[in-house]
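1. sequence first, then the predicted structure:
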Amino acid sequence: MDQQSKQSSADSDYQREPVHEHARLGFKSFVGMYAGEHTAGTELMIGPLFVAAGVGAFDLIAGLIVGNLLAVLSWLLLTAPIATRSRLTLYYQLEKICGRRLVVIYNLVNGLMFCLLAASMITVAATALGVCFSFPMPQLDDLYPNSIGWVVAVLCVGTLMSVVAAYGYETVSKFANIAAPWLVLVFLAIGIIAFRLFIEVSGTEISSLSDLWYFAESKIWKGGEPLPGQTKFTFWHVTFFAWFCNIAMHMGMSDLTIFRFARKSWYGVSPASGMFLGHFLAWIAASLLYALQLFEDPSNTDVLPGPMAYKVCGVAGLLCVVIAGWTTANPTIYRSGLAFQSIMPKASRFSATLVAGTLATVAGMFPAIAMKFLEFIALYGLVLMPMGAVIFVDFWLSRKFGFQDNFAERTGSSFNTAAALAWFVSIAICIVLVQFFGIQIFFVSLPGWFIAAALYIVMSRLFQGKPNYVHSVSEVL
């Protein structure tokens, strides 16, 4: 049995118990998984949107280095230590703390957010069909579908992705394992070719590193005003976006499910392969495509990965766009289906995944989600990160602050009010900060995490009173 099959088997065997020692995986398994998952369709939207946001060369490069490093440290210091001690899935860990009814609400929100994320990737893949069939495609500021051809293309792409996802994790993982190594190479090729074309059409001669840096500052990432409707990005925007675009996975603790299979806690450094291949090199390569497009025609502000990749790499570029969108959307639809199935246990996983795929496909017809992808990712993290703070506090700080850990499991409760208030109130506070105090959404997740942690401590003390510190449900019974 190969490594991926072992992990698939383990996934089905350890949903409600700690992962056994013989099922744990080595470091290489995690390096490959993160490299593949984070060098995918999202990069083709994020890179161009950085350029549309008027980012400067120094702000982009330095911000990506710092932000991606902070993201890796978040996995290493926050997620992996808990995962390798408890060795439980995110959902079972939450159920022990929060109770079944609250986890159902979390899964519903999680499933819907996954659907919207998959919708963006369906949108990315559909732009490749636009090149093949020459139908009108959405512009940067479009909210609604603008042609029948676009609707049909999204419907076809979304249906195929949903069916593949519905056949299960093994089918999804096989497809991703075949495509991922090729995708990394194509992303590098796109960046190199786009850079060479850029030099040629601009008539620039580069003979030193200072020439290269001047070219980057003056032609690619110029640091001017953003395009209409886009937020101006600075060093801090890039840093916090790179750090928190995956906050749901590290500080939000979703990757407890992944790292429960790690033999050692230090395997938490493995996401560096995804951060510095996907969230650094691939973002830069994708931004070069858009910068080249704007240089050649400043009026062409459309963010359409299909036409941009085709111009640089031809058919290989189109295949990259389709497969990159596919490899991201497939596991995302699959995860959404699992979340929905947990809400409707009588429904089959196949049917629940098809429901998720249908929602993602319909949402993908509306280009506003993809064209505002930077803001959507920030919102996605904001909504899910408070539960990560709850898990962190419950695991490490509950005894220190005088309240019971795993409250729902120990008391038989189906709804932990303290956890619910920490989740909902922290989100509400963050929304107030954005709407009434003018703090941009990219910057509220960090204080929001600490607000959720503090709220959970205060509310747990308030609602639990003085616990007797029982150690298992059996002791209560």
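-> Everything's here; your move.

2. which intervals of the stretch 351-477 of the chain have sub-threshold pLDDT?
-> Within the stretch 351-477 of the chain, the segments meeting pLDDT under 70 span 465-477.

3. can you give me the helices for it?
-> Secondary structure of the stretch 351-477 of the chain by DSSP state H, counting those that start in this stretch: the helices cover 368-371, 373-396, 407-411, 417-437, 445-464, 473-476.

4. quick one: closest of those helices to V51.
-> Ranking the helices of the stretch 351-477 of the chain by distance to V51, with C-beta to C-beta as the measure, places helix 373-396 first at 11.7 Å. No exception for glycine: its C-beta is placed from N, CA and C like everyone else's.

5. how about the CA coordinates for the closest one, as CSV?
-> Provided in CSV are the C-alpha atoms of helix 373-396 (Å, rounded to 0.1, in the frame of the first residue of the first chain):
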residue,chain,number,x,y,z
PHE,A,373,-10.7,37.1,-3.7
LEU,A,374,-8.3,38.9,-1.4
GLU,A,375,-11.2,40.3,0.7
PHE,A,376,-13.0,36.9,0.6
ILE,A,377,-10.0,35.0,2.0
ALA,A,378,-9.7,37.5,4.8
LEU,A,379,-13.4,37.1,5.6
TYR,A,380,-13.0,33.3,5.4
GLY,A,381,-10.3,33.3,8.0
LEU,A,382,-12.1,35.8,10.2
VAL,A,383,-15.2,33.6,10.5
LEU,A,384,-13.4,30.4,11.4
MET,A,385,-10.3,31.5,13.4
PRO,A,386,-12.2,32.1,16.8
MET,A,387,-12.7,28.3,17.2
GLY,A,388,-8.9,27.9,16.9
ALA,A,389,-8.5,30.2,19.9
VAL,A,390,-11.0,28.2,21.8
ILE,A,391,-9.1,25.0,21.2
PHE,A,392,-5.8,26.6,22.1
VAL,A,393,-7.0,28.0,25.4
ASP,A,394,-8.9,24.8,26.3
PHE,A,395,-5.9,22.6,25.6
TRP,A,396,-3.1,24.7,27.2
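
6. packing partners of it?
-> Counting contacts by 3 or more C-beta pairs under 8 Å, 6 or more residues apart in numbering; DSSP states H and E, helix 373-396 packs against helix 41-52, helix 80-86, helix 90-98, helix 100-133, helix 235-244, helix 417-437, helix 445-464.

7. mean neighbour count, these: which tops it?
-> Across the helices and strands packed on helix 373-396, the average number of neighbours (mean count of other C-beta atoms under 10 Å) peaks for helix 41-52, which reaches a mean of 27.

8. average model confidence for the helix or strand following that helix?
-> Next in sequence after helix 41-52, counting helices and strands by DSSP states H and E, comes helix 57-74. In this model, helix 57-74 has an average pLDDT of 98.

9. which residues does helix 57-74 contact?
-> Helix 57-74 has contacts (C-beta atoms under 8 Å, 6 or more residues apart in numbering) with 50, 55, 213, 216-217, 220-223, 233-247, 250-251, 268-269, 271-272, 275-276, 279-280, 283-284, 287.

10. in it, which residues are buried?
-> 57, 59-61, 63-74 (16 or more other C-beta atoms under 10 Å).

11. repeat for stretch 307-322
-> Applying 16+ other C-beta under 10 Å to stretch 307-322 flags 307-313, 316-322 as buried.

12. got it, and stretch 403-422?
-> For stretch 403-422, the neighbour count (16+ other C-beta under 10 Å) marks 403-411, 416-422 as buried.

13. between those, which is closest to M459?
-> For the buried residues of stretch 403-422, the residue nearest M459 by C-beta to C-beta is A418; the value is 3.6 Å.

14. with adjacent residues omitted, what lies nearest to I377?
-> The shortest distance from I377 to any non-neighbouring residue, by C-beta to C-beta, 6 or more residues apart in numbering, is to C245 (4.8 Å).

15. burial measure for that neighbour, as a count.
-> By the criterion of other C-beta atoms under 10 Å, C245 has 24 neighbours.

16. ok, it to S445 distance?
-> Distance, C245 to S445, by C-beta to C-beta, to the nearest Å: 10 Å.

17. which neighbours do those two share?
-> Listed as contacting both C245 and S445 by C-beta under 8 Å, 6+ apart are 378, 381.

18. can you give the distance of the longest helix anywhere in the chain from its chain's centre?
-> Secondary structure assigned by DSSP state H gives helix 305-343 as the longest helix of the chain. For helix 305-343, the distance from its own C-alpha centre to the chain's C-alpha centre is 13 Å (C-alpha atoms, centre = their mean, to the nearest Å).

19. for it, packing partners?
-> Using 3+ C-beta pairs under 8 Å, 6+ apart: helix 305-343 touches helix 27-37, helix 41-52, helix 100-133, helix 148-166, helix 169-202, helix 283-296, helix 349-364.

20. no more questions from me, cheers.
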